[in-house]
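Student: coords please:
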Amino acid sequence: MHQTPLIGFHRERGGRLVDFAGWEMPVVYSSIVEEHNFTREHGTVFDVSHMGRVVFRGPDAERFMEWLNTRNIGSAKPGMCRYSHMCREDGGVLDDVIVSKAEDHFLVVCNASNREKLLAWWEQQRAGYDVEIEDRTFETAMVAIQGPEIMETLDNLLPMPIDDVKRYRFKEGSYFGQQYYVARSGYTGEDGFEIILPSTIAAMAFKMLIDESEKKGRPIRPAGLGARDTLRLEAGMPLYGHELSEEWDSITAGQGWAVDLTKEFCGVEALRKVEANGPAKTLVGLELEGKRIARQGAAVVHNNEPVGEITSGTQSPTLGKNIAMAYVSPPLSEVGTQLEVDIRGNRVGAQVVVLPFYKRGS
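Tutor: Numbering: from 1, shown residues only. From the prediction side, this is the model:
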């Protein structure tokens, strides 16, 4: 099992470690609800070093990125990040990624569970492209710092100014000979940054960040993958293996905004057909009655007929309601539609609601 450069910190702070996609990762430190609420109200830091970090460079790097990605990457300026999908020829989603365009290379951040699959697929696809592919996952660490107080707190702690970094923009640079990458993005619905730095200094920098924030009276607390999941679900963000998979295409998954059907990419013909014919299922948000939580795979029912299934569900700490996302038949995807969810043989009422469930500032 792989371990991140911050494994010592997680053990010292009492993080409950689990196997996540072949990595030993903290799922929780104190409680998921406490870490969730502290993120929404103040700010937390997540170790996301398990995610893949791969650099593409060479004369054909941009052309290769255009072929691999559903999103238009070539129109991005250096310093910009774009959320995108990479698909099979039949439109099935291989992964959702963040692509950052630098002056002389592209950085792709992918899901830990898909890194090896993608590395093999990229090798297959690179024929005819003059491009170098460098997996830097094990040479670097990555943390996500999220919350409404993060901007002000980090501005007083980091050695470089960040107040000029806009949403989905990034900075690269060197500090005392150590390379860093700072992007204003995240996976919680809050403002924040994702930072990549060399694995050799990650533990020291991570501990210093937390210690100094506590000294300044604006503590940044560590949070585990449990809170990361409840936060992203409230924000209506898809998770690979739940809302996204090779079984579903990007348009069906409600991510058509990340697809540019006017350009050529792997899987574009299949997605053009989905767009023309309409998807067979639609991803929706649900609010459930009662206290039972809908889990992935639970059947969604209408008029005693199965019409879809749950992809993710939780009890929302922020909203105090049971929420879920599900794929359902398109005619039943209208907001306000009354459905039922079969939870271990019990039918629970559910209503289709607007996604995301939670929006910062609302």
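Student: Can you show me the strands along the stretch 201-350 of the chain?
Tutor: Secondary structure of the stretch 201-350 of the chain (DSSP state E, counting those that start in this stretch): strands at 221-222, 282-288, 299-302, 305-316, 321-328, 338-343, 346-353.
Student: Compare the ones you listed and give me the one nearest His242.
Tutor: Of all the strands of the stretch 201-350 of the chain, the one in closest proximity to His242, counting by C-beta to C-beta, is strand 305-316 (4.6 Å). Where you see a C-beta, it was placed from the backbone N, CA and C, and this is true even at glycine.
Student: Show me what that closest one packs onto, helices and strands only.
Tutor: Strand 305-316 makes packing contacts with helix 225-234, strand 282-288, strand 299-302, strand 321-328 when contacts are defined by 3 or more C-beta pairs under 8 Å, 6 or more residues apart in numbering; DSSP states H and E.
Student: where does the stretch 1-150 of the chain have low pLDDT?
Tutor: Counting by pLDDT under 70, the stretch 1-150 of the chain contains no low-confidence range.
Student: re earlier: possible to save the helices and strands packed on strand 305-316 as CSV with mean neighbour count and mean pLDDT?
Tutor: Converted to CSV, the helices and strands packed on strand 305-316 look like this (neighbours: other C-beta atoms under 10 Å; pLDDT from 0 to 100):
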stretch, mean neighbour count, mean pLDDT
helix 225-234, 23, 98
strand 282-288, 22, 98
strand 299-302, 18, 98
strand 321-328, 24, 98
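Student: mind giving me the domain split of this protein?
Tutor: Split into domains by automatic domain parsing, the chain comes to 2-51+138-232, 53-135, 281-362.
Student: out of those, nearest to Val268?
Tutor: Proximity to Val268 (C-beta to C-beta) singles out domain 53-135 among those, at 7.8 Å.
Student: Output the helices and strands packed on strand 305-316 in a markdown table; the columns should cover distance to Lys207.
Tutor: Listed next are the helices and strands packed on strand 305-316 as a markdown table, based on distance: least, C-beta to C-beta, whole Å:
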| stretch | distance to Lys207 |
| --- | --- |
| helix 225-234 | 20 |
| strand 282-288 | 38 |
| strand 299-302 | 45 |
| strand 321-328 | 35 |
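Student: Ok, which of those comes nearest Ser49?
Tutor: Relative to Ser49, the nearest member of those by C-beta to C-beta is helix 225-234, separated by 12.0 Å.
Student: That closest one vs strand 305-316, what angle?
Tutor: Here helix 225-234 runs at 120 degrees with respect to strand 305-316, directions being taken by axes from the mean of the first three to the mean of the last three C-alpha atoms, to 10 degrees.
Student: by contact count, what packs against helix 225-234?
Tutor: Taking 3+ C-beta pairs under 8 Å, 6+ apart as the contact cut, helix 225-234 packs with strand 23-28, helix 32-41, strand 44-47, strand 305-316, strand 321-328.
Student: Report the contact partners of Gly92.
Tutor: Gly92 is in contact with Ser245, Glu246, Glu247, Trp248, Asp249, Gly267, counting by C-beta atoms under 8 Å, 6 or more residues apart in numbering.
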